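[1] my questions concern the predicted model and sequence given below.
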Amino acid sequence: MTAETADLPGAAPAPATAARTFSRAHGAAAVRIGFGLIWAIDASFKWLPGFIHGQTLGDELGKGETVHTPVLHQWLQMWHSIGTSAPTAFAVGTAVIETLIALGLVLGVFSRAVFIGSAVFSLGIWSSAEAFHLPWTKDGITDLGPSVAYIFASLALYFAASTAVWSLDPWVRRTWPRLSSLTSEG
């Protein structure tokens, strides 16, 4: 096959194209694993005594007092009430979820579900514990908070059709075919 025929419909891909695909798949896997390690570090902080015993939840979920928009204030107050009513259960639940997200990303298992789940969970953190980083003032805000970036990173991995390279997803598809819709493509 010559370079001229490589771009024709139905023609086999040129070796250079196959090499690019191979490196993209491995690059996507490296990003997935790196993102999983960031989640793992974040999860490890949640297992520390101050958080796991609910000692910091009042501060972390107490930003509703600074937000005066009624709907947002009520949303933040609701999460403050939920978190402080059973602080240890709320903290352990948060630590477990973040640990499962980290494991799912690092191991590449149930990738589609983990990508969407981590985006939704990050939105929950951004809208409650980080309070959308409100109030936005001319002199006071320097960023929107890390959780908003987690949302977009999770969705980018999902929509980039991150392949199952260095992943347990192919094993899950073979072992439990009914769960294949939760895994990434191989």
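    Ah, there it is.

[2] only alpha carbons, please: show the helix or strand where A156 lies as PDB.
    Mapping A156 onto the secondary structure by DSSP states H and E places it in helix 146-159. Extracted C-alpha coordinates of helix 146-159, given in PDB (Å, rounded to 0.1, in the frame of the first residue of the first chain):
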ATOM      1  CA  PRO A 146     -10.900  22.300  42.100                       C
ATOM      2  CA  SER A 147     -14.100  20.400  41.900                       C
ATOM      3  CA  VAL A 148     -15.300  22.200  38.800                       C
ATOM      4  CA  ALA A 149     -12.100  21.000  37.000                       C
ATOM      5  CA  TYR A 150     -12.900  17.500  38.200                       C
ATOM      6  CA  ILE A 151     -16.300  17.700  36.500                       C
ATOM      7  CA  PHE A 152     -14.700  18.600  33.200                       C
ATOM      8  CA  ALA A 153     -11.900  16.100  33.500                       C
ATOM      9  CA  SER A 154     -14.300  13.300  34.200                       C
ATOM     10  CA  LEU A 155     -16.500  14.300  31.300                       C
ATOM     11  CA  ALA A 156     -13.500  14.700  29.000                       C
ATOM     12  CA  LEU A 157     -12.400  11.200  29.700                       C
ATOM     13  CA  TYR A 158     -16.000   9.900  29.100                       C
ATOM     14  CA  PHE A 159     -16.400  11.700  25.800                       C
END
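
[3] give the next helix or strand downstream of it.
    Scanning forward in sequence from helix 146-159, with DSSP H and E defining helices and strands, the next element found is helix 169-175.

[4] buried residues of that next one, list them for me.
    Residues of helix 169-175 classed as buried: D169, P170, V172, R173 (neighbour count, 16 or more other C-beta atoms under 10 Å). To be clear about C-beta, it is placed using only N, CA and C from the backbone, and glycine gets the same treatment.

[5] contacts for the helix holding A156, please.
    Among residues not part of helix 146-159, those counted as contacts by C-beta atoms under 8 Å, 6 or more residues apart in numbering are 28, 31-32, 35, 111-112, 115-116, 118-119, 122-123, 125-126, 129-130.

[6] at 10 Å what do you get?
    Under the contact criterion C-beta atoms under 10 Å, 6 or more residues apart in numbering, helix 146-159 has outside partners 28, 31-32, 34-35, 38-39, 42, 101, 105, 111-130, 132-133, 143, 162, 184.

[7] just the buried ones from these?
    Burial by neighbour count, 16+ other C-beta under 10 Å: within the contacts of helix 146-159 this picks out 28, 31-32, 35, 39, 42, 101, 105, 111-115, 117-119, 121-122, 124-130, 132-133, 162, 184.
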